[in-house]
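**Q** coords please:
(2 chains)
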Amino acid sequence: MLACVPALLASGCRKPVEPQSAIAIEYGISPQPIRVGPVAVTVKLRDAAGQLMPGARVNLEADMSHPGMAPVFGEVREVAPGQYRGSLEFAMPGDWVVLIHVTLPDGRRLERQVSVAGVTAN
Amino acid sequence: MRVPGLRRLFRWRHLRTVLQIPLLIVSVAMILDGLLGPSLAPKNLATTLSWVHFRGALVLVLLCAGNFFCLACPFMLVRNVARRFFRPRLNWPQKLRNKWLSVGLFALILFCYEEFSLWSSPWWTAWLIVGYFLTVLVVDGVFKHASFCKFVCPIGQFNFVASTISPLEVKVRDLDVCDSCGTKDCIRGRRAPGSELVVIQRGCELALFQPLKVGNMDCTFCLDCVHACPHDNIGILSRMPASELMVDPRRSGIGRFSQRTDVAALAIVFSFGALLNAFGMVSPVYALESWLAGILHVNSKAPVLGVLFALFLVMEPAVLMGLAAWLTQILGGSQRALVPLAVRYTYGLVPLGFGMWLAHYSFHFLTGLYTVLPVTQSAASRMGWNLFGSPRWTWLGIPMRYVQPLEIGFLVLGLAGSLLVIHQLAESDCAERPLRAFAPWAAVSVVLWMAAIWMMFQPMDMRGTFLAG
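**A** Sure thing, here's the model as predicted:
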């Protein structure tokens, strides 16, 4: 335990930072302001050259900031090359985090976390 | 205990270590996942196990059994190992031999929980655990006996107060045996044959002399006394829950509850803090915080939280309990002065406070019970171990519609316990007019209970800040 302390302090002193990816995951959530209930989520995937990337599989997940609460999941379909649309239903007010899970045609997996703070009741 | 086999189990001197080792391993896993794992709280061992499973299991074990979490404390395992190399030399300072420091730390933990939104931060949660280990090593590395447990540990103080409701207690089986005991090993420790200076089994490090020990306050269930007693005269025995709150004898290592303002303050933070902690998770609190921020002209959380804490933990108890104590003097004819009267009856609120903690923590525990499985699978997969396939993040727990009646039941039990204790206190305090002494404190209990019930039916709204919108 004592021997692990220096290693822990060295690795844990800074908060972990999300690694950068060459692929940009753009998103939009509507309607605004975000309230309890269904919302539409649009996703665009762009490569390093800024070109839209078709053919990916995209899934949505939303978790509350507090552990132990029910996550919600949403399917997404491609409505135009590189543009995807799906929906989520926020079940209660509070702070949520939306996870955009992307599986590219070559099998690579990406994820983007989007903080959705302060979802209010209707 | 009458259960066959358990007596032998509790006398096994390695029982504590066997319980502590798995919890130490889990603690290390929580620290590692908290510092290096996903930043999303529901996906991280540190936050999920701390704020869902540990808190919930803790209160349920305290309700059904006793302070077994202190028995299995991993911090003490590390401390005991460290003491093989570093011997403490100092006694805990006389001026700090009270609960005031731990009361402050308990309130500080509740404050930090809200200020830093600990429930949503694996990183901060991990550092809290690391900080706890380091503090134990420093305090018990410098000061003798169980100074950390008795005078510092906020979790321990919570457990001490809550275990006054527990149905089990470490106590003497036959006081006549103690009367004839000449060595008093339960507190002095068992000495090596022929050498009074060599202790081969330590006695109680929290200064609880078993023949005069009353109740569970300050008892960590460490079982040192059980192992030290040469007559096998100490065990974990059953008793009526909350019975120790109804009496006021001189308790070994503590004194009389009615003369311990610091212990009463601990009971106040415990009882009123239960409501405050739950209030922090329902929608109306954000409207209140926004309003306070407007009045104070601030845009950060700390000053608003400071005002809320002062209101809930200082002003509200002062007003309610001051009024009840004054009415008890007037109506009940109590001869006690106002403050000693309030101190005396404070302990009557502990069952209701415990009911609130139970309702709150058991809700998260039961509705998120199964989340330990996908979180553990996920943590294991990051270390290269594939446990039963991909994590099933849809595994949650018992549906809310089954848990909510249980919450109400805990609150009702808490109120019933408080009314019973207060009634007993009133009967011993104002024998001629007990109902008149009982009434003001019963009214305080009912008011707090109604506030708790109201909170249970408010929509949950867990936000890191009221400033987000």
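
**Q** residue of chain A nearest chain B, please.
**A** residue A:68 (2.4 Å; Cβ to the nearest Cβ). Quick note: C-beta positions are derived from backbone N, CA and C, even for glycine.

**Q** surely that residue touches residue B:41?
**A** No. At 9.1 Å, residue A:68 does not count as touching residue B:41 under the criterion of Cβ atoms under 8 Å.

**Q** okay, the two: which has more neighbours?
**A** More crowded of residue A:68 and residue B:41, by other Cβ atoms under 10 Å in any protein chain shown: residue B:41, with 30 against 27.

**Q** after the lowest-mean-pLDDT helix or strand in chain A, which helix or strand is next?
**A** Ranked by mean pLDDT, DSSP states H and E, the weakest helix or strand in chain A is helix A:4-12, scoring a mean of 53. Once the chain leaves helix A:4-12, the next helix or strand it forms, by DSSP states H and E, is strand A:24-30.

**Q** next, the buried residues of that next one.
**A** Buried positions in strand A:24-30, judged by neighbour count with 16 or more other Cβ atoms under 10 Å in any protein chain shown: residue A:25.

**Q** helices and strands around that strand, which ones?
**A** When contacts are defined as 3 or more Cβ pairs under 8 Å, 6 or more residues apart in numbering or on different chains; DSSP states H and E, strand A:24-30 packs onto strand A:37-46, strand A:94-103, strand A:109-119.

**Q** got the angle for it vs strand A:94-103?
**A** 140 degrees (axes from the mean of the first three to the mean of the last three Cα atoms, to 10 degrees).

**Q** compute the inter-axis angle for strand A:24-30 and strand A:109-119.
**A** Using the same axes, to 10 degrees: strand A:24-30 against strand A:109-119 is 30 degrees.

**Q** residue farthest from the centroid of chain B?
**A** residue B:194 (41.3 Å; Cα atoms, centre = their mean).

**Q** for that residue, phi and psi?
**A** Dihedral pair for residue B:194: phi 80, psi 0, per degrees, to the nearest 10.

**Q** center of chain A - which residue?
**A** residue A:99 (2.3 Å).

**Q** assess the claim that that residue and residue A:72 are in contact.
**A** No. If you go by Cβ under 8 Å, residue A:99 and residue A:72 don't touch, sitting 10.6 Å apart.

**Q** so what sits against both of these two?
**A** A:61, A:62 (Cβ atoms under 8 Å, 6 or more residues apart in numbering or on different chains).

**Q** residue in chain B nearest to chain A?
**A** Counting by Cβ to the nearest Cβ, chain B gets nearest chain A through residue B:368, at 2.4 Å.

**Q** double-check that residue against residue B:398; I have them as touching.
**A** No. Counting by Cβ under 8 Å, residue B:368 stays clear of residue B:398, with 9.2 Å between them.

**Q** compare these two and say which is more crowded by neighbours.
**A** Neighbour count, other Cβ under 10 Å: between residue B:368 and residue B:398, residue B:368 has more, with 25 against 15.

**Q** with adjacent residues omitted, what lies nearest to that one?
**A** Using Cβ to Cβ, 6 or more residues apart in numbering or on different chains and skipping residues adjacent in sequence, the residue nearest residue B:368 is residue A:68, 2.4 Å away.

**Q** again, but for residue B:433
**A** Here the residue nearest residue B:433, using Cβ to Cβ, 6+ apart, is residue B:332, at 5.2 Å.
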